[in-house]
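1. Structure for this input, please:
(chains A, B, C and D)
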There are 2 protein chains.
Amino acid sequence: MRLYPDLGLKVFQAPSIGVALEALKEGFRKGELTIIIGRLSVDYHGRARSKLGFGERVVILKPDGALLVHRPHGHSPVNWQPPGSIFDFKRLGEKIVINAGRSNPLEKVTLTFDRIDLLVSSRLRDDAEFSLYVDEHDIRDALVSEPELFEEGFHVVTKEKRVPSGFVDLIGVDREGRFTVIEIKKGLAGRDSVIQLKRYIDGLKGEGGAAVRGVILASGLARGCQGLLDSLGLEFKRVDPRRCYEALMKRRGGGLQLELSRWFISS
Amino acid sequence: MRLYPDLGLKVFQAPSIGVALEALKEGFRKGELTIIIGRLSVDYHGRARSKLGFGERVVILKPDGALLVHRPHGHSPVNWQPPGSIFDFKRLGEKIVINAGRSNPLEKVTLTFDRIDLLVSSRLRDDAEFSLYVDEHDIRDALVSEPELFEEGFHVVTKEKRVPSGFVDLIGVDREGRFTVIEIKKGLAGRDSVIQLKRYIDGLKGEGGAAVRGVILASGLARGCQGLLDSLGLEFKRVDPRRCYEALMKRRGGGLQLELSRWFISS
DNA sequence: GCCTAGGTCCCGTGG
DNA sequence: CCACGGGGCCTAGGC
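-> Below you'll find the predicted structure:
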């Protein structure tokens, strides 16, 4: 058995029962995540019942009460407990027993170790934000390939058109033949977006002369902007990122294929 | 507790980039499972797209090509790759990059480590059989062998019959000679189950023409579904998993759990 | 390979 | 607290 004290990462190789138990309890008390590699059997009682004989597996105990038992194959854990369950560690003869249970639904997972090869405990700091995303470009491209995502009967004329005051995201013609300028925002559109759109439209009016329809396309409109929008004769439309993504993937299939196949070849 | 010498368990604490890369490659080549604790960012491209900034996490690489990235909370991995994906390990400046990709569907996960606190690699032997006792199939089989569990005078005609919209769990004829379609749910049957049953019945009506009786067989009916059931002219019947279990025992002899359970191979 | 259904699904969101 | 919908769902079983 060796102990590495640095960085709060504790590593125990083939710990004795006493050491392992102490490490488990202390790790959980301190809000650490614990990983065990060892030989164990698993029993589950609750929404169903299951039994798994002894074998070498990886067990993860998370500070939020999540439990995972992973076999050496497959994506999914063979047994688990969702967050919120309560752990209990004890000695049973020459074995270590871990119980993880919760009351709603009533269920319990029991791990019985007859060998622990490695026990690691560490506090993990992870504040990063996870985003499953579609960006502004993606939305624009999705509309180009599937204009009906914007509106029935809509046709795209230009994307990224240069105007004196910048770039218009999308220009098209609607079902009634009206020239339509679309300003896309991924998140909430604010006062600035509205003003920007207004500038674009004014610039285009200078070119043509006919009436131009202006639409803000975003996941939402910031509070207090509806009045401004109305007074300028502009519209707001909500966009569904998910549907955009699907459209995008349909169209980009080939491109992604290329990108990934390049990686496959290089690997 | 019996202590075994560490059988091929390799533990590297805060390894250098070179050591970590070598360990990763050798571990995968030897069919070992590898666990990494460290600070990394994750990017995913494929069926969707996701981004996760740097944070301390647990990564598991399995010999069958499964990849898991676990944050310190939650049951589910934040990013992953199912079995069958191809790993690629490389150095990028002062960082280690792991790619895991597959071609169907085309997708790729990229892990970028700027710190590895611990790397563990080990061949895990796990040949145990996993058994789950009473599931939907078991209930269906119990009814096939003891139809009176459903109703006096009931006869099973077909199980798992294909209809245009899917598979009907059980079809039979009741005591009054009525064609009866049974939809089985292990737990509480919800709105979706009712709708599913309705779809099946409509499909069958198209075939025959005679009236068809539809029954939901479950351990309970979700609140608010009785009205829907009534309006569609369907019925609900409670099933007792315990009696099903006993029926299976009786029919399958003393074979016990071996025959009762569904087996998941562990090659 | 696609399709279909099930899951100890988990996980959000809304009532 | 429960009900509902969605998921990069995963996984198993048929065809």
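
2. what about residue A:76, is that helix, strand or coil?
-> coil (DSSP: H, G, I helix; E, B strand; the rest coil).

3. And what about residue A:63, helix, strand or coil?
-> coil.

4. you'd agree it is up against residue A:28?
-> Yes - counting by Cβ atoms under 8 Å, residue A:63 touches residue A:28, with 7.2 Å between them. C-beta here means a position set from N, CA and C on the backbone, and glycine is covered the same way.

5. Checking the residue lying closest to residue A:70 once chain neighbours are set aside next. Helix, strand or coil?
-> Distances taken as Cβ to Cβ, 6 or more residues apart in numbering or on different chains place residue A:58 nearest to residue A:70, at 4.5 Å, with adjacent residues excluded. With three-state DSSP as the basis, residue A:58 sits in strand.

6. Please report how far residue A:58 lies from residue A:71.
-> 8 Å (Cβ to Cβ, to the nearest Å).

7. Overlap in contacts, the two.
-> Jointly contacting residue A:58 and residue A:71 under the rule Cβ atoms under 8 Å, 6 or more residues apart in numbering or on different chains are residue B:124.

8. what residues are up against the residue nearest to residue A:70?
-> By Cβ under 8 Å, 6+ apart, the neighbours of residue A:58 are A:35, A:36, A:37, A:68, A:69, A:70, B:33, B:35, B:60, B:124.

9. Can you tell me who the fifth one pairs with across the strands?
-> This means residue A:69. Counting by DSSP bridges, residue A:69 forms beta bridges with residue A:59, residue A:79.

10. can you map out the helices along chain A?
-> Here chain A has its helices, by DSSP state H, at A:17-29, A:136-145, A:191-207, A:225-231, A:241-266.

11. buried sites along the fourth one?
-> By that I understand helix A:225-231. The neighbour-count check on helix A:225-231 (16 or more other Cβ atoms under 10 Å in any protein chain shown) flags A:225, A:228, A:229 as buried.

12. what's the distance between the last one and residue A:199?
-> Shown here: residue A:229 relative to residue A:199, a distance of 14 Å by Cβ to Cβ.

13. One more: residue A:86?
-> 60 Å.

14. Domain parsing of chain A, as residue ranges.
-> A:6-122, A:136-259 (automatic domain parsing).

15. Which of these comes out lowest on mean pLDDT?
-> Mean pLDDT per stretch puts domain A:136-259 lowest among the domains of chain A, at a mean of 81.

16. which bits of chain A sit near DNA strand C?
-> A:44, A:46, A:47, A:48, A:50, A:79, A:80, A:81, A:82, A:83, A:107, A:109 (Cβ under 7 Å from any atom of the strand).

17. Most neighbours among these, which one?
-> residue A:81 (26 neighbours; other Cβ atoms under 10 Å in any protein chain shown).

18. so it makes contact with residue A:62?
-> No - with contact defined as Cβ under 8 Å, residue A:81 does not reach residue A:62; the gap is 9.8 Å.

19. who in the stretch 1-150 of chain A is up against DNA strand D?
-> A:74, A:75, A:76, A:104, A:132.

20. hmm, stretch A:205-220 in reach of DNA strand D?
-> No - under the criterion of Cβ under 7 Å from any atom of the strand, stretch A:205-220 makes no contact with DNA strand D; the nearest approach is 14.9 Å.

21. Span of that stretch from start to end?
-> In stretch A:205-220, first residue to last residue: 27 Å (Cα to Cα, to the nearest Å).

22. Please apply the same query to stretch A:88-98.
-> This stretch, stretch A:88-98, spans 6 Å end to end (Cα to Cα).

23. can you give me the strands in the stretch 101-250 of chain A?
-> A:106-122, A:130-132, A:155-163, A:166-173, A:179-184, A:188-189, A:212-218, A:220-221, A:235-238 (DSSP state E, counting those that start in this stretch).

24. Tell me which of those sits most buried.
-> strand A:179-184 (a mean of 23; mean count of other Cβ atoms under 10 Å in any protein chain shown).

25. Any idea how far it is from the middle of the chain?
-> The chain centroid and the centroid of strand A:179-184 are separated by 30 Å, computed with Cα atoms, centre = their mean, to the nearest Å.

26. for it, packing partners?
-> Judged by 3 or more Cβ pairs under 8 Å, 6 or more residues apart in numbering or on different chains; DSSP states H and E, strand A:179-184 is in contact with helix A:136-145, strand A:166-173, helix A:191-207, strand A:212-218.

27. Tell me which of these lies nearest to residue A:247.
-> Comparison of these against residue A:247 by Cβ to Cβ identifies helix A:136-145 as nearest, at 4.2 Å.

28. Quick check: buried residues in that closest one?
-> So helix A:136-145, judged by 16+ other Cβ under 10 Å, has buried residues A:138, A:139, A:140, A:141, A:142, A:143, A:144.

29. Got phi/psi on the residue in the stretch 51-200 of chain A positioned nearest to DNA strand D?
-> The stretch 51-200 of chain A approaches DNA strand D most closely through residue A:75 (3.3 Å), counting by Cβ to the nearest atom of the strand. With angles defined as degrees, to the nearest 10, residue A:75 sits at phi -80, psi -40.

30. Wait, it touches residue B:84, no?
-> No - using Cβ under 8 Å, residue A:75 makes no contact with residue B:84, being 9.7 Å away.

31. one step back: pull the most distant pair out of the buried residues of helix A:136-145.
-> Maximum pairwise distance in these, criterion Cβ to Cβ, is 10.7 Å, between A:138 and A:144.

32. coming back round to it: kindly provide the distance from the residue nearest to residue A:70 to residue A:99.
-> 18 Å.

33. tell me which of the buried residues of helix A:136-145 is nearest to residue B:20?
-> Nearest to residue B:20 among the buried residues of helix A:136-145 is residue A:138, at 34.7 Å by Cβ to Cβ.

34. if I pick the closest one, what's in contact with it?
-> Residues counted as contacts of residue A:138 (Cβ under 8 Å, 6+ apart) are A:244, A:245, A:248.

35. residue contacts, the last one?
-> With contacts defined as Cβ under 8 Å, 6+ apart, the neighbours of residue A:248 are A:134, A:138, A:141, A:142, A:145.

36. hmm, which two among the residues you listed are most spread apart?
-> Checked with Cβ to Cβ, these reach their widest spread between A:134 and A:145, with 13.5 Å between them.

37. before we move on, back to that, between the helices and strands packed on strand A:179-184, which gets nearest to residue B:240?
-> Per Cβ to Cβ, nearest to residue B:240 of these: helix A:136-145, 51.3 Å.
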